[in-house]
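[1] following is a predicted model, sequence given first.
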Amino acid sequence: QKGETVKIAWIDPLTGLMGPVGNNQVKSFQFVAERFNKNNSAGVKFEIIPIDNKLSPAETLNALKSAIDQGVRYVTQGNGSGAAAALVEAVAKHNERNPGKEVLYINHSAVDPDLTNSKCNYWHFRLDADTSMKMEALTTFMKDRPEVKKVYLLNQNYAHGHQVAKYAKDILPRKRPDVQFVGEDLHPLASVRDFAPYVAKIKASGADTVITGNWGSDLSLLVKAANDAGLNVNFYTYYAGVTGTPTALGPAAAGKVFQVSYMHSNMDGVAGEIISGFKAKYPDADWYTGSTYHIYALLSDAMAKAKSTDPVKVAAALEGLKTKSFNGEVEMRKTDHQLQQTLYISTWQKVDAKNKYSVENTGYTFAPVKTFEPYVSSTPTSCQMKRPG
Amino acid sequence: MQIDQILINLLNGLSSGLLLFMLSSGLTLIFSMMGVLNFAHASFYMLGAFVAYTVTGWLNFTAALILAPLIVGALGALFERGVLRKVHKYGHVPELLVTFGLSYVALEVVQLIWGRIPLNFEPPTWLQGPAFTLIQRTGQGLSVVAGLASPEMCQSVGDMVVQCTRFPMTRAFMMMVAVGMLVALWLFITRTRIGLVIQAALTHPEMVESLGHNVPRVFMLVFGAGCALAGLAGVIGGVTFVTEPNMSHIGPIIFAVIVIGGMGSLSGAFVGSLVVGMLQTLPLTVDSSLADALRSMGAVVTPDTVGYPILRITLSQVAPILPYLLLVLILIFRPKGLLGTREE
Amino acid sequence: MSRNTLAENRPAYHFKPWNVGRWIIWGGFALVLLFAPLLWTSSLAQTMLSQMGIAIIVCLAYNMLLGQGGMLSFGHAVYSGLGAYLAIHALNKIGGGWWLPVSLVPVVGGLAGMGFAILLGYVSTKKAGTTFAMITLGLGELVFSMSLMLPEFFGGEGGISSNRVVGEKVWGISFGPQIQVYYLIAVYCFICTAAMFALTRTPLGRMLNAVRDNPERVEFIGYSTRHVRYIAFILSGFFAGISGGLSAINTEIVNAEVVGAARSGAYLLFVFLGGATFFFGPIIGAVLMVFALVLLSEWTQAWQLYLGLTFVLMVMYAPGGFAGLIMMNLRVASFGKLGKLWTAYLALGGAGLAVLVGFSAMIEMVFHLQLNAALGAEVPFMGATLNALGKDAWVGSVFVVLTGLGLFEVARRQFNLQWGEIQEEIEKEIKRRETL
Amino acid sequence: MRAPSSTPGSFALELRDVRKSFGRTEIIRGASLQVKPGERVAIIGPNGAGKSTLFNLMSGRFDISSGEILLHGRRIDGKKPFEIARMGLARSFQVSNLFTRLSVFENIRCALLWSMGQRYAFWRFLADLKEVNERADEVLEMIRLDKRRDQMAMNLTYAEQRALEIGITIAGGSDVILLDEPTAGMSKSETKRFVQLIREVTEGKTLLTVEHDMGVVFGLADRIAVLVYGEVIAFDTPEAVRANPRVQEAYLGSVLAETQAAEAQA
Amino acid sequence: MTLKLENVHAYYGKSHVLHGVGLTVGEGEIVSLLGRNGSGRSTTVKAIMGLVDATGSIQFKGQELVGQKAFEIAHRGVGYVPENRDIFPKLTVHQNLLLGKKGGQKQGRWDFDDMYQLFPRLKERQHTEAGVLSGGEQQMLTLCRTLMGDPDLIMIDEPTEGLAPKIVELVAEYLRELKRRGISVLLVEQKLTIALEVSERCLVMGHGRIVFEGTPTALKADSYVRKEWLEV
Ligand SMILES: Nc1ncnc2c1ncn2[C@@H]1O[C@H](COP(=O)(O)OP(=O)(O)OP(=O)(O)O)[C@@H](O)[C@H]1O
Ligand SMILES: Nc1ncnc2c1ncn2[C@@H]1O[C@H](COP(=O)(O)OP(=O)(O)OP(=O)(O)O)[C@@H](O)[C@H]1O
Ligand SMILES: CC(C)C[C@H](N)C(=O)O
Ligand SMILES: [Mg+2]
Ligand SMILES: [Mg+2]
């Protein structure tokens, strides 16, 4: 396998609502690939082929076909659990109908727990921590925060938002039976212009904490409206670091926004190098998709282990594979293909001596406040994996 | 719910309605007069915000508030002159499609120039902070303080719970401008013959020209004016909310507004905007669903009940689609809209 | 004059026993459908061909409203989309043991589309014109929003997925391989196209044209415009539903976007681009739609810019769409005068190409600088590599564009002149023939 | 073709105290009229008297405010235009009202479809409807547009459009026909030809026509109804109407009308 | 000379309709333009108004009109009453008249009251939508609307079309009144009786050319022209 080129089709939105995120991720994938191409355990070269799926499940399938036509055997995708679910099924069907031409799907960011539970599939591997895992970490953190008394759940009305709300209601009471849920709202995805009514509602509920899976402008506008109305609550978020949101958070949100993720902006070691290298190359962008590192680390180790780049063998090698990544040792759990890894809670604050990295050049940063070993966020799975053969 | 909450909700509804009016007034101007359903209207709104951002960088916000609408208006006029005018003779569907095409182009061009991520378009200092603060004290009722209330005033003392709610300056300003727009437009329409000229020119352009009116210029002017209004809305929307390419996705709701209000009627657009603004805002505060309503009437509703998925949806969840429901109902029962005068 | 002589003098409205032209056209259409997948064999190509077949049906169905009936709908995806949903549910039911051949699932979609058209069409067709357009817009938004609120039926934004390889195999066809699905689509496409064409030749089809032209007068010759519109709407819903059903089988996933405004808008745009005034226009439009949405976005990141510009230019200069352009040239050809034009066309084409190349080189460079600047300054462009930061590439493209534009203008004037002359000659020829 | 459904002795068309107001202004103020089958009646009156409005009421374009309208003894007021058309009343328009983007032949054929029982059929080919097509060609022949058969209606000259307008009106074989100013805008010679044409095509049918050209009126009508301010002030033979002093005062009484009428009756 | 046409050719797209028309209208003169349907009378008037493409020379008060836009021509003082009652159907009668006034125009010879005096019927209906007016009322309205623009030359295409005989005579009277106020009139008419009665000169058109020019008396006498170009 040494010297082979491994083509990975990146199927995600480059245009539309999630276009900016997608563009950032392509850069991230390519940037980290360069690093790995200089040196990796399998001695292969990675090449990223970006294909725009416009965030649509149907377009994703077209993109998959097009990738397969180009001889690609590895695909990665992550923005949008809808597209991810479609891709899982499509890849499964393809592999079943075209033996010998199997394709592996590495999911870099789609976090719907179903993908490694009821919908789990042998050809799918997930690198991000799923909604329930992140919620475990988040609630464990909240457990020790006495000021959390009344919680409001505000989420986008689609699968991801539903999951966040569901797991919050499942997990938080276990850890903090005293916490009250004072309200819950689902708002339409990416079409609310004015969050003031929701803010008024939160205010009326007397909440001191908001848990939200919102991303993009849905999060920026929410925080902005809360600031404007003088709403004094803390936001526990999943995606405050995604392109565009930090800029909108600005000084007003400092100290009020928490984020759960498997990385943060002020990491040292490999991640630190990549973060600053990335900034040097793209002054306007941040590296926040850590799974762009995982993917090469895992694949190259698996390929070395399998001594092949054949997806069938690599898939087998990936199962249960442990490797060292930027956030410590990670393990691709065999039972459900969910990566087990360290998670961090970080908070939005002004850069200081310890946390120097200025996110989106705002002078503010996500500073780590808590680190959780993989076992903390590890959740059981209901997956009954069908393995080929 | 407490008084201050009711008040703030009404204010929110009102201000969101007034923002809609800023957008629909330009659209209605163009639509009612020229019959062009300008699908690119929201693009001009977006453009207004971006242009203002840049102008603010060069000069200051006040200059942007004046210059950006003018620039956007000029661009609109240019589009009318160069493109729309050519298409006019083919009828309304091509006109609509050409604006549809423009909305794609505008979005891409904006993204090329200003990038794809939200810009940090901060309101100027005089627009920052709250316009007034509502203070609700248990037992004492409501009081209003201009500007920011001091933290002491918002401190709960003993049993007395004090709640402060701020109303941001940007929103207050937005409301003021919208009302100003209404007045200016009303004067424009009633004090000049331009509206008549255009209406007449829609069906009989040659005749209007024969009476000595420069029809093409009037069309250009009106289109430009409509776009300038969108641009002005954009400047204010940009600082109040976010300045990003997604701004152009407000889309169909403003069509709903002008249809509900009555096509071609300025007062209709105004009333329609307020109705839609309220309709989008107020139901958000109600968390009960049909299922709850049935239960309160004594019926047993469980997840196994037929139609539970529908019964389960709360009013706050359907709030965003209520305007469209109203739109369809209005069109069925009162096709000319609330204040409209024309049938078709 | 007696009736008999009349009938003999005017045979135009009788099918000749062998209407050769028609046989050639339909035979050709069938052959294209039959052999296309043998020419383009990659899996992407076959997917695209399948999508084209599906798009052809729905665009023709849409044009029953727009072109034939003058009804501007902003929400036709509702009918194709709901058809797709019911079809995919049916497919899942088959998987769960229902007895229904998979090949009939599109009919389920058709009936669903028709059912919803009966329901919603009743309110939409009450009015015509702008009111109709607005009702369809509102209904479209309503159905789309509902689709996100009722995940039980619509499956949320992830949609409902299914497996088409279910039920009993008929004649060894499992519909597993794409090619089998393609031929299913091709068969439906042919039948539906023929049926919709036939429809334009029936009393209802003709009255639909009459309603488009002058609804007022229609009422005074005994027809209810509303009934005519309603029936057409239902039939259009049926065909749209069939296409939805086919797409459910083809992609095995149906999600909310199939009922979305963007989809409805695409129908309108591409039908218009293809040419709404001719029966075959939407077929061209459908093919373009699939190309634009699938391929263009792969070739270039600037695809929306190109798409937008193409629309603007087409609407400005060819409001009859591609079909209109074709028919104009066919008319010239049928008078044997196309030969005179081909030099002009060559000049126009050459100059146009130069403008296009130069212009798109610039666009690609700008996009590259903005999105992938750090990948280096090289932009791959039509097999060559441009240096987006170097002066040469820019000066070169500007030069190409400017000369292109200049030449184009010259060629255009020349062409206009010739075109005008030819039209005049044709008019004269027609007058001459008339007086014969 | 439809058989006249009238029973002998009843009227083809009857108006009983018909009233119509637009907003507060009453335009038709209790008009009554009885037209016998096969009769040719002209309605004259000053501009704005309500002649076209009366036609609009009879053909169902507007609803009446009060009164009754009967077609062959059956109430038609309150019915929709297409229902009235199906019952055998056809009308033309003062301003040509054609299917401009269809061919001349298609215009006529559309006008025939309902009356020849095709309704909303989408399972039959037009080309196979032999009777319909033959009848359409007959009508074309009658209105002398057979040469222009395959032209689009919008390409016809004014006079040809007027002819087609009348063709569409009579094609369906209705036995009560209303023509609103059929010869407006025509030169004298053309007018003459048209009067002849109308005579031919309405042979045996009940005809109501509105005209300002006294030549046409006196050339065509068996009886003349005079409508002034929404009331029928006279309804009689041409001679009697001409002699009626009230009519003279309200409407005729001018050199122009006199010369026209005289020319026609001569 | 108020209006002078020389060798005017006009086209609808590619079809050549006027083949070298020449005519003159003097100050305060009523000239009528006669001919069969389709002979090109309306086209002549439209060509003067700048509504169809024309070549040749059209001079109005010594200024060339060919190539000018309709609204510029209107501002020069040419008024046009079209043949097909181009009233603005959605506007009220009053608004229709209002649009007859040109922008930036000072008080002209006529005002609303003059119009309403002339046709009291219009006054009664002044707040009605013009689209619902009776045919005759619409005809009156078009006449008045053009007059509101205070033209020096007024071209009227078949003004008596659809008017009751009594009103027709009123119109004739009104044309004379225009003349009295010094306005030149170019009248296109179908009704010979009227044309011959009011006009000082008659022109007859045939196939896009002027085939006769002379006084009404001369025309009455010339049975050849009448037979060949006016009747069957
Ligand atoms: N829809 C309407 N609303 C208001 N007024 C109307 C409407 N339709 C007609 N009228 C008025 O009714 C009167 C009668 O109009 P109608 O068209 O019947 O006249 P007419 O007798 O046909 O006259 P003419 O000979 O001039 O055509 C007119 O004054 C007209 O303005
Ligand atoms: N818009 C048009 N396009 C093409 N040809 C036209 C157009 N309008 C008129 N024509 C043709 O031009 C010729 C002259 O028409 P014009 O209207 O000037 O005649 P006219 O003398 O006014 O007759 P009419 O009595 O019909 O008003 C006719 O042959 C007519 O068919
Ligand atoms: C990248 C994320 C913002 C996308 C999110 N995980 C989703 O499921 O839609
Ligand atoms: Mg009338
Ligand atoms: Mg004429």
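    Yes, it's here. Predicted model, so just to flag it, every value in this text is computed and none were measured. Numbering: from 1, shown residues only, chains lettered A, B, ... in the order given. Ligands and ions are numbered 1, 2, ... in the order given.
[2] can you report how many residues lie near residue 178?
    Looking at chain A here, since you left the chain open. 8 (other C-beta atoms under 10 Å in any protein chain shown). C-beta here means a position set from N, CA and C on the backbone, and glycine is covered the same way.
[3] looking at chain C here, not the other one
    By other C-beta under 10 Å, the residues close to C:Gln178 number 19.
[4] by contact count, what packs against the host helix or strand of A:Leu64?
    Taking DSSP states H and E as the definition, one finds A:Leu64 inside helix A:57-69. Secondary structure elements in contact with helix A:57-69, counted by 3 or more C-beta pairs under 8 Å, 6 or more residues apart in numbering or on different chains; DSSP states H and E, are strand A:5-12, strand A:45-52, strand A:74-77, helix A:81-97, helix C:43-63, helix C:225-251, strand C:253-254.
[5] a markdown table please, covering the ones you listed and showing mean pLDDT, mean neighbour count and distance to chain E.
    Output for the helices and strands packed on helix A:57-69, formatted as a markdown table (pLDDT from 0 to 100; neighbours: other C-beta atoms under 10 Å in any protein chain shown; distance: least, C-beta to the nearest C-beta, whole Å):
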| stretch | mean pLDDT | mean neighbour count | distance to chain E |
| --- | --- | --- | --- |
| strand A:5-12 | 92 | 23 | 52 |
| strand A:45-52 | 89 | 20 | 46 |
| strand A:74-77 | 94 | 25 | 55 |
| helix A:81-97 | 88 | 23 | 48 |
| helix C:43-63 | 93 | 26 | 28 |
| helix C:225-251 | 95 | 27 | 20 |
| strand C:253-254 | 88 | 30 | 45 |
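[6] next up, identify which helix or strand the residue sitting nearest the centre point of chain E is on.
    What sits nearest the mean C-alpha location of chain E, by C-alpha atoms, centre = their mean, is E:Ile156, with 1.5 Å. Assigning secondary structure by DSSP H and E places E:Ile156 in strand E:153-157.
[7] now that strand - C-alpha only, CSV.
    What follows is strand E:153-157 as a C-alpha-only set of coordinates in CSV (Å, rounded to 0.1, in the frame of the first residue of the first chain):
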residue,chain,number,x,y,z
LEU,E,153,-53.0,70.2,-33.0
ILE,E,154,-55.4,67.5,-32.1
MET,E,155,-55.6,64.3,-34.1
ILE,E,156,-58.8,62.4,-33.5
ASP,E,157,-59.3,58.8,-34.7
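[8] any idea how far the residue in chain E that ligand 4 sits nearest to lies from C:Phe408?
    Residue of chain E nearest ligand 4, by C-beta to the ion: E:Gly135 (4.1 Å). In this view, E:Gly135 and C:Phe408 are 51 Å apart by C-beta to C-beta, to the nearest Å.
[9] who in chain E is up against ligand 4?
    Chain E comes close to ligand 4 at residues E:134-135, as judged by C-beta under 5 Å from the ion.
[10] list the residues that contact the residue of chain B found nearest ligand 2.
    Here chain B gets closest to ligand 2 at one residue, B:Glu206, 10.9 Å apart by C-beta to the nearest ligand atom. Applying C-beta atoms under 8 Å, 6 or more residues apart in numbering or on different chains to B:Glu206 gives the contacts E:51, E:70, E:86.
[11] switch the cut-off to 7 Å
    Counting by C-beta atoms under 7 Å, 6 or more residues apart in numbering or on different chains, B:Glu206 touches E:51, E:70.
[12] could I get the full set of helices for the chain?
    Using chain A here. Ranges of helices in chain A, per DSSP state H, are A:19-38, A:57-69, A:81-97, A:131-143, A:159-175, A:196-205, A:217-228, A:245-249, A:269-281, A:291-306, A:311-318, A:374-377.
[13] that's the wrong chain, I meant chain D
    Along chain D, counting by DSSP H, helices occupy D:51-58, D:81-86, D:104-113, D:130-142, D:158-171, D:188-201, D:214-220, D:238-243, D:245-250, D:255-265.
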